[in-house]
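Q: Sequence plus the predicted model coming up.
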Amino acid sequence: MKTPFFTLLVAFFLLASSNVNASHLSGAEFRFEHVNGNDYIVSLYIYRDCNGINVPSIVTVNMESINCGINNNITLLQTSGPTVVTTIPGSQTTCMGGMVQGYEEYVYSDTITFPAQCTDWYFNWNSCCRNSAITNLVNPGSASMYIESTFDNTIVNNSPTYFIDPIFYGSMGANFSVALGGFDVDGDQLLFSLAAPADGANSSVAFASGLSAAQPLDILAGSTVSFSSTTGQFNCVLASGSQIVVFDVIVEEWRNGQKIAEHRRSLQILPINLGNNSQMLAPPTVGNPTNGTVVDAYTLEYNTPGQAFGFSMLFNDQDANDVITYNAAYSTLETIFPNAQVTSSNPNGNLNELELSISIPNPKPTLFSIVIEENNYLQQSFSYELRDANATHVDNLENPFTNVRIYPNPVDKTTTFEVPDMIYKTLELNVFDMTGQVVQTQAKAGTNVLEFNRGDLPAGVYSFQLKGDGKMVNTGLLQLK
């Protein structure tokens with residue numbers, strides 16, 4: 001399913017247009033679709049700005065398995081593109097001769113027969129170089145774009161379907177909400193984390209001073225970035241100044257308590273100037289559940305399968321002159337649930353307020369997105385997890401993840417993992433390299449604090465699992481300087 005950009009955008013003017021075009025690559029990701037047996041359609045999606053240098057007609061992707069002793073290069077042919085992916089109602093992007101920077105999508109794919117069944121397949125692709133005008137990285141013009149995916153073909157699996165493409169706009173000085181998650185056709189649980197952009201295996205590009213994976217962009221003073229690991233929802237208030245931002249999102253697929261795949265997506269945000277829009281649409285209030293409960297801002301539970309689950313959503317735009325509407329075509333709720341009933345209304349006749357009454361006749365565990373449109377062009381997206389109250393999570397993980405403090409991260413020599421308000425008989429940390437191999441394990445008894453010593457681990461990006469008394473507490477990424 002091809003999804004458009006759920007973005008905050010309007011044709012006003014392009015910031016720093018002379019610098020944006022210095023390079024062509026703006027985003028990338030792998031996707032996998034099972035065909036039959038060991039046959040999969042392997043696709044590489046590449047995004048470029050329309051004024052950049054040309055993309056190649058073929059790409060070479062590395063495909064290897066350490067366990068099976070295989071290291072191959074595969075060639076993917078261009079099968080689609082250029083497809084303009086940033087349309088702005090009422091104006092034109094640079095793809096169409098306009099002023100606002102536009103972007104194109106190119107797809108490279110082929111049906112690949114895996115030469116063996118292995119649990120640790122590792123795909124990677126890179127290209128030099130990034131745009132030197134990027135503002136949130138150190139020396140971006142000397143860094144490559146690098147993406148990777150791990151895959152287990154001993155089981156049938158398809159990669160997630162994402163709510164948005166990895167290029168999107170924001171409005172300077174305004175609320176910014178974007179659904180970076182997606183849903184999984186196999187019913188696997190998806191977990192999301194923010195990461196520094198990579199320029200090679202176990203090598204990341206350093207963020208500019210004051211920025212990090214947790215806050216990869218400049219935001220309004222006194223505000224914070226919120227990010228949901230279970231839905232991929234990203235919220236903040238953008239700073240009012242110019243910036244060109246890139247960061248990565250790591251998407252993990254979990255099945256029966258085991259991680260079966262991991263995908264790195266490379267994304268870009270381009271804030272543009274819309275004037276004084278600091279009172280734009282904020283995340284909605286979700287309530288009035290029937291046959292279930294509202295667990296938190298982005299999690300819903302239904303009690304009885306086979307019975308309709310209902311809830312309401314109230315959106316409020318503090319700009320009284322704005323008109324907000326539900327965009328069913330760009331939302332995924334009615335794609336995942338074709339029989340869902342969605343009724344929209346304006347409380348008290350106020351067009352800058354919108355209430356959705358939603359009924360899902362046959363609920364199932366999944367993630368879905370809602371897109372709200374302002375004044376027929378301004379869009380924000382919101383992602384939600386719907387789960388069965390009789391199961392502990394979408395795919396039966398023992399517990400929802402617990403908040404963990406990690407300080408500092410990036411890591412120099414040591415860093416501390418702290419689980420607030422908890423004491424475990426045994427707190428255990430496992431650290432993995434990007435191929436999924438365990439590179440270090442540490443444990444401590446009778447505590448909620450564990451100090452991780454990197455030892456001789458080289459600089460790079462690693463994943464971790466933190467377990468308390470044998471149960472998963474949290475998982476995420478560590479950046480080692």
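A: That came through fine.

Q: Which pLDDT value does the model give Asn158?
A: Here, the pLDDT recorded for Asn158 equals 95.

Q: ok, now Leu270?
A: Per-residue confidence (pLDDT) for Leu270: 81.

Q: quick one: secondary structure of the closest residue to it other than its chain neighbours?
A: Once flanking residues are discounted, Leu270 sits nearest to Tyr169: 5.4 Å by CB to CB, 6 or more residues apart in numbering. C-beta: built from backbone N, CA, C; applies to glycine. Secondary structure, DSSP: H, G, I helix; E, B strand; the rest coil: Tyr169 is strand.

Q: check which helix or strand covers Asp421.
A: Using DSSP states H and E, Asp421 falls within no helix or strand.

Q: May I see the buried residues of stretch 172-189?
A: Across stretch 172-189, burial judged by 16 or more other CB atoms under 10 Å covers 172-184, 188-189.

Q: Next, count neighbours for Thr415.
A: Residues contacting Thr415 under the criterion other CB atoms under 10 Å number 19.

Q: Need the contact partners of whichever helix or strand it is part of.
A: Per DSSP H and E, Thr415 falls inside strand 414-418. Residues outside strand 414-418 that contact it (CB atoms under 8 Å, 6 or more residues apart in numbering): 404-409, 427, 429, 448-454, 466, 478.

Q: could you point out which element follows that strand?
A: Defined by DSSP H and E, the subsequent element after strand 414-418 is strand 424-432.

Q: Between strand 424-432 and the following helix or strand past that next one, find me the angle.
A: Downstream of strand 424-432, the next assigned helix or strand under DSSP H and E is strand 438-447. Strand 438-447 and strand 424-432 are oriented at 170 degrees to each other (axes from the mean of the first three to the mean of the last three CA atoms, to 10 degrees).

Q: same question for strand 438-447, mean pLDDT?
A: 90.

Q: Quickly run through the sheet partners of that strand, with directions.
A: Take DSSP bridges as the rule and strand 438-447 pairs in its sheet with strand 424-432 (antiparallel).

Q: What is the distance between the strand it pairs with and the centre of its chain?
A: Remark: strand 424-432 is offset 26 Å from the chain centroid, using CA atoms, centre = their mean, to the nearest Å.

Q: residues contacting the closest residue to Tyr162 other than its chain neighbours?
A: In space, and not counting its chain neighbours, Tyr162 is closest to Gly182: 3.8 Å by CB to CB, 6+ apart. Applying CB under 8 Å, 6+ apart, we find Gly182 in contact with Pro160, Thr161, Tyr162, Phe163, Leu190, Gly232, Val251, Leu367.

Q: Run through this structure and note the low-pLDDT ranges.
A: Scanning the chain for pLDDT under 70 picks out the ranges 1-23, 86-92, 274-280, 377-378, 392-402, 434-437.

Q: what's the distance between Leu281 and Ser344?
A: Using CB to CB, to the nearest Å, one gets 14 Å for the distance from Leu281 to Ser344.

Q: actually Cys95, not the one I wrote
A: Cys95 is 32 Å from Ser344, by CB to CB.

Q: And those two? Which one has more around it.
A: Remark: of Cys95 and Ser344, Cys95 carries more neighbours, 20 against 16, as counted by other CB under 10 Å.

Q: any idea how far Val461 is from Leu191?
A: When Val461 is compared with Leu191 (using CB to CB), they lie 16 Å apart.

Q: same deal with Gly241?
A: Counting by CB to CB - Gly241 and Leu191 are separated by 33 Å.

Q: what does Glu148 give?
A: Distance of Glu148 to Leu191, given as CB to CB: 17 Å.
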